[in-house]
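Undergrad: Let me see the structure of the following:
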Amino acid sequence: MLSLESLYDSAPINRLFDSRLALATAGLSKIHFTVSPGAFHAAGAAHGTLYFKMLDDAAFYAANGLVTDRFLLTTAFNLHFTRPMREGPMIAEGKWISGKRRVFVAEARIIDADGEEFARGTGTFLRSHIALSGLDGYRLS
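TA: Okay, the predicted model is just below:
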């Protein structure tokens with residue numbers, strides 16, 4: 001899985017977040033990240049963009065962990081906010097649900113160290129024509 005982890009690390013967007021992807025097994029992902037005040041909206045909690053980014057990435061990498069040749073694309077994502085995220089460490093956990101050929105479905109949730117849920121989401125991902133091996137950040141282990 002190190003190849004997908006290096007792909008995550010190479011994405012320019014991820015330089016904006018204190019986050020680390022861990023893929024223990026195909027179909028499961030964890031993104032450890034820190035919520036900082038720089039991601040807050042005017043009312044002092046994390047903006048929805050942070051929720052979406054972490055949930056989408058966790059679900060995406062859970063699904064793409066089952067694919068060895070192609071990059072998946074998000075085609076739809078449903079997000080449910082459970083509670084406001086404040087400053088501190090969080091985990092986005094992703095889990096593949098269904099699909100193995102062209103369309104994949106995966107879910108994700110954001111929790112804190114105590115297991116309290118802050119959001120959950122479900123995504124649909126489509127196998128693209130983009131070869132993983134052609135992406136600069138993708139390194140085979």
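
Undergrad: Just the helices from this structure, written as ranges.
TA: Ranges of helices within the chain are 2-10, 48-64, based on DSSP state H.

Undergrad: ranking those by burial, who's on top?
TA: helix 48-64 (a mean of 24; mean count of other CB atoms under 10 Å). Quick note: C-beta positions are derived from backbone N, CA and C, even for glycine.

Undergrad: ok, now which ones touch the closest residue to Arg83 other than its chain neighbours?
TA: Excluding the flanking residues, the one nearest Arg83 by CB to CB, 6 or more residues apart in numbering is Phe118, at 5.2 Å. By CB atoms under 8 Å, 6 or more residues apart in numbering, the contact set of Phe118 is 51, 81-85, 90, 110-112.

Undergrad: Same question for the lengthiest strand in the chain: list its buried residues.
TA: Counting residues, the longest strand found in the chain (DSSP state E) is strand 117-131. For strand 117-131, burial by neighbour count (16 or more other CB atoms under 10 Å) applies to 118-125, 127.

Undergrad: Kindly report the same for stretch 11-19.
TA: For stretch 11-19, by 16+ other CB under 10 Å, it's 14, 17, 19.

Undergrad: what's that stretch in contact with?
TA: The contact list for stretch 11-19 (CB under 8 Å, 6+ apart) reads 8, 31-34, 36, 50, 53-54, 137.

Undergrad: where does the chain dip in pLDDT?
TA: For the chain, applying pLDDT under 70 flags the ranges 1, 140-141.
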